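A.B. asks: 3D model of this:
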Amino acid sequence: MHEQLKVYEEKMQKTMKSLDSDLAAIRAGRANPHILDRLTVDYYGIPTPIQQVANVSVPEARMIQIQPWEKSMLKEITKAIQTSDIGINPTNDGQVIRLVFPELTEDRRKELAKDVKKKGEQAKVAIRNIRRDGNDACKKLKGTEISEDEIKDMEDELQKVTDKYIKEVDSAVEAKTKEVMTV
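C.D. replies: Down below sits the predicted model:
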């Protein structure tokens, strides 16, 4: 591969990494303990994050379990969850608090699948823009010591790299869509 094209392939790799991290952020029906990050409870007069007064775990795919270190905190934590915008009613058995997440509805799954496809399209556009920049750089080389045949070869090589990354985007989007749509 020509030295001038390596810069563009690195940019495409970064775009792919960005897409992977975006897709990882889309949780498909799994309980995520990070939804409690912004909730605070009154702990001896001081607003304190739930993670600092209790053990938060995910024993099952659709359940978060909160076990306070002091039993007196059960009511405070339950009250904080009920007054928050999480939209899930906590169940308190005197020892632990459980948050059971309902399964995703078909509509919500379709909405998430659309979001996944949208992120995939954005990645493809970014990759195509990188290819355009590379082709522009190749065209600027005309009139220098590089022959037109070499410039054409560089453009072809850049197109092959672009096609490779577009296929990677398509397969990542397809895999995530399949994950979101499975019940």
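A.B. asks: so which residues make contact with the strand or helix carrying Leu99?
C.D. replies: Assigned by DSSP states H and E, Leu99 belongs to strand 97-100. Strand 97-100 is contacted by residues 31, 54, 62-68, 74, 77-78, 81, 86, 88, 90-91 when judged by Cβ atoms under 8 Å, 6 or more residues apart in numbering. Every residue, glycine included, has its C-beta placed from N, CA and C.
A.B. asks: given it, what are its sheet partners and their directions?
C.D. replies: As defined by DSSP bridges, the strand partners of strand 97-100 come to strand 63-68 (antiparallel), strand 91-92 (antiparallel).
A.B. asks: for the record, mean pLDDT for the helix or strand following it?
C.D. replies: Next in sequence after strand 97-100, counting helices and strands by DSSP H and E, comes helix 106-140. Mean per-residue pLDDT for helix 106-140: 91.
A.B. asks: elements contacting helix 106-140?
C.D. replies: helix 3-25, helix 148-181 (3 or more Cβ pairs under 8 Å, 6 or more residues apart in numbering; DSSP states H and E).
A.B. asks: please state the offset of it from the chain centre?
C.D. replies: Taking Cα atoms, centre = their mean, to the nearest Å, one finds the center of helix 106-140 at 15 Å from the center of the full chain.
A.B. asks: for it, buried residues please.
C.D. replies: 109, 112-113, 115-116, 119-120, 123-124, 126-127, 130-131, 134-135, 138 (16 or more other Cβ atoms under 10 Å).
A.B. asks: which two of the residues you listed have the greatest separation?
C.D. replies: Maximum pairwise distance in the buried residues of helix 106-140, criterion Cβ to Cβ, is 43.4 Å, between Arg109 and Cys138.
A.B. asks: run a quick neighbour tally on Pro68.
C.D. replies: A count of nearby residues for Pro68, using other Cβ atoms under 10 Å, gives 20.
A.B. asks: residues near the closest residue to it other than its chain neighbours, how many?
C.D. replies: Excluding the flanking residues, the one nearest Pro68 by Cβ to Cβ, 6 or more residues apart in numbering is Ala54, at 4.2 Å. Ala54 has 23 neighbouring residues, counting by other Cβ under 10 Å.
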